[in-house]
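Q: Need coordinates for the below:
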Amino acid sequence: MSSSRTFWLSLALVALTIVVYWPVKRAGFVWDDNQHFFENRAVIAPAGLKPIWTSFVLPIYYPLTFTVFWAIYQLAGPSPPPYHMVTLALHAISALLLLFLLRRLKVRGAWIVAALWAIHPVNVESVAWATELKNTLSGAWFFASLLCFLRYERELMWKWFAGALLCFAAALLSKSSTVMLPVVLLLFAWWERGRIARADVARSIPFFALSLAASFVAVWAQVREKVAEGTGRAWSLRLPERLIVTGKDLWFYASKTVRPANLMFIYPRWSHNAHVLTEWLPLAGAAVAGIILWQFRRTAAGHAAAFALGYFAVALSPVLGFFDQYFYRYSFVADHFQYLASIGVIALMVALVANVVRSPPLRLAIATVALVSLSFLSRQHLSIFADEETLWRDSVTRNPGAVIAQNNLGLVLYGQLQYRRAIECFDRALQADPNLAEGHYNLGLVLSELGRHAEAAAQMREALRVEPSFYKAENGLGFELLQLGQTEEAVAHFRRALEFNPDYADAHISLGEALLGRGQPAEAEAHFRRVMQMYPTDFASHKDLGTVLFQQHRLDEAAAEFREAARVKPDDPEPHKDLADVLTAQNRLPEARQERALAAASAEHLGETHYRIATALQGDNDPDGAIKHFRKSITFRPNSAEAYLALGKLLVEQNRSTEAIAALRQGTEAMPDDPRLRNELARLLAASP
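A: Purely as a prediction, here's the structure:
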């Protein structure tokens, strides 16, 4: 093929990939993206490269991937488009490298195979979910390693062998699922020469050594995550169950590649009962298919089919159930798991069509229809990654039994202050799985926000019953007990949370505040400073440390901390008020008056905001949420008669007349000359028994 034709075909492949996935630039962050990016202290820190490469502070050791995350964050901050554009660029590069690889292997229809893979809907998840940049990055290094190795075999120049090893190391440092590359090298030898010689095995040994090391790190990380989360029993399987999952996985992934219909983010977590005979049928079917292929391996068609499906199975091997995956808690399959594997099935289908259809115009028509159809389906599937709410609503619609989808949709609604709907989601998740610790914990968060601290504490205890090492629930239970006046028990739970996770910032803040309230400022200061070491711009730690320093009459230091807190959250009135108190103590009265004016302006704005939120929640039939925000509005604007009247009316509607009277009394004390408050209070008193 001429270099000119190669150039234009390569350009067409890259252009097709970019055009199909271009809407991804509008996609948002979903699920665990925040944890990988702007909530990850190694990624956000300018000096974060050292811990990324030299420590295990991150959940899993993918230093090359996290280096890319770090670089994007340092250049572009926490904005989704740059992450998606880099992921798309890497996917386009992977498609181009795949084209070169298929041509080197003399695979029929190399361009159409690469194009179908590039735009296939099962790869949308890898491109549109920013966290899966690790897929596209590792994929590019994976293909580059294979190309270098094949060139080494052709030219016998050691620089290409070294290049193959380095690229493989880079792939492993991006994502460990590429550990199967040494087996792929042996498969290539069998494809090209019909056998695997001793020399082939010898050349693969350094690759197997790297693979073994990466596998050890990956397994260790999964075990560590089980211990940290206390969730191992939810996703560990016995050997018979693993074999059942393997059989089902193989047929599932092949079917989704051939017919990419009803794709979803969380697939149903199917049964795996080793005592039910029918559960073994998929594995038996896969074994029979493998035996048949092996019998016909010496024929041209059998050789090609065995190579394609052999690659498919080998590429899937890390996610076929033999090794524990955190995702198995929710489902045994995911589209992004077959990012590299689907190539085998696609290549086989293209070869089948090429053998059956002899007419070139008809082949071109079939290829065009396939490309257009897959492009349309991929564009459709891209839309669900627009934002968290869209993703989880789609997941709940397609798979109502996906408890994690119900749980995460509840978190989204909680973040939107839709408390009633959030509670409904958590209730549905817990009905489906009463042992969902996250569900109990998140329900407790909402109840706490609504001031129902006893109920919230009960949910936190239930989360800890399910997962005794759930450090977030330990901290949550401590917070609820603190609100209920049980300080000693609360402190014990905060300390226990830090035993499970010494770097958990929320527990340090909670414990520090409890110790401060107990008159132990020195120990409280240590906890606040610990958080500031991890997160230098944390608002609560600066504000709380300022309070400690003020109590100890370290006025200059206290003023500096309150100023930093005000810089981090300029619309919060509290640091301005605290700073005004410090300035008053320093006899800097003009500056103190200025800070009090800023505090008053911020309080007025927040009071109005909470009033509007309360009104919206009331209209949305969420009285508990509305009551909470009316109370917050009054906290910031104690002279707002409208807030007192609205709160009183809503409390009466909820048959909470005693609370309504108390609220109106508070209003008349704040504004004794307001006739509306006096009249409404008199009416309620007259109507009360």
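
Q: What residues sit buried inside whichever strand or helix holds residue 162?
A: According to DSSP states H and E, residue 162 maps onto helix 158-174. Judged by neighbour count using 16 or more other Cβ atoms under 10 Å, the buried positions of helix 158-174 are 160-161, 163-165, 167-174. In short, each C-beta sits where N, CA and C put it, glycine included.

Q: Export these as TSV, with columns for pLDDT and distance to residue 512.
A: Converted to TSV, the buried residues of helix 158-174 look like this (pLDDT from 0 to 100; distance: Cβ to Cβ, whole Å):
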residue	pLDDT	distance to residue 512
160	95	57
161	96	56
163	97	52
164	97	52
165	97	49
167	98	48
168	98	47
169	97	43
170	97	42
171	97	43
172	96	41
173	96	37
174	96	38
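
Q: what's the offset of the helix holding residue 162 from the middle of its chain?
A: With Cα atoms, centre = their mean, to the nearest Å as the basis, helix 158-174 stands 29 Å off its chain's centre.

Q: which residues touch that helix?
A: Helix 158-174 is contacted from outside by 62-65, 134, 137-139, 141-142, 144-146, 148-149, 151-152, 178-179, 181, 203, 206-207, 210-211, 214, using Cβ atoms under 8 Å, 6 or more residues apart in numbering.

Q: Pull out the buried residues from those residues.
A: For the contacts of helix 158-174, buried by 16+ other Cβ under 10 Å: 62-65, 134, 137-139, 141-142, 144-146, 148-149, 151-152, 178-179, 181, 203, 207, 210-211, 214.

Q: Okay, and which of these map to helices?
A: The helices, defined by DSSP state H, take in 63-65, 134, 137-139, 141-142, 144-146, 148-149, 151-152, 181, 203, 207, 210-211, 214 from those.

Q: Excluding chain neighbours, give the residue nearest to residue 90 in space.
A: Leaving aside its sequence neighbours, residue 90 sits nearest to residue 136 (Cβ to Cβ, 6 or more residues apart in numbering; 3.8 Å).

Q: where does residue 41 sit relative to residue 220, distance-wise?
A: 22 Å (Cβ to Cβ, to the nearest Å).

Q: When those two are compared, which one has more neighbours?
A: Neighbours around residue 41 and residue 220, counted as other Cβ atoms under 10 Å, are more numerous at residue 41. The numbers are 17 against 13.

Q: Tell me the spacing between the more buried one and residue 73.
A: 11 Å.

Q: wait, which of the buried residues of helix 158-174 is closest to residue 52?
A: Using Cβ to Cβ, residue 173 comes nearest to residue 52 of the buried residues of helix 158-174, at 10.5 Å.

Q: okay, residue 654: pLDDT?
A: We have a pLDDT of 89 for residue 654.

Q: any idea how far the spatially closest residue to it that is not a sequence neighbour is from residue 680?
A: Take residue 654 and drop its neighbours on the chain: the residue closest to it by Cβ to Cβ, 6+ apart is residue 623, 5.5 Å away. According to Cβ to Cβ, residue 623 stands 18 Å off from residue 680.

Q: ditto for residue 206
A: 83 Å.

Q: give me the element the closest residue to residue 63 other than its chain neighbours is part of.
A: Distances taken as Cβ to Cβ, 6+ apart put residue 53 closest to residue 63, at 4.7 Å, once the chain neighbours are dropped. If you go by DSSP H and E, residue 53 is part of helix 49-54.

Q: Many thanks, we can stop here.
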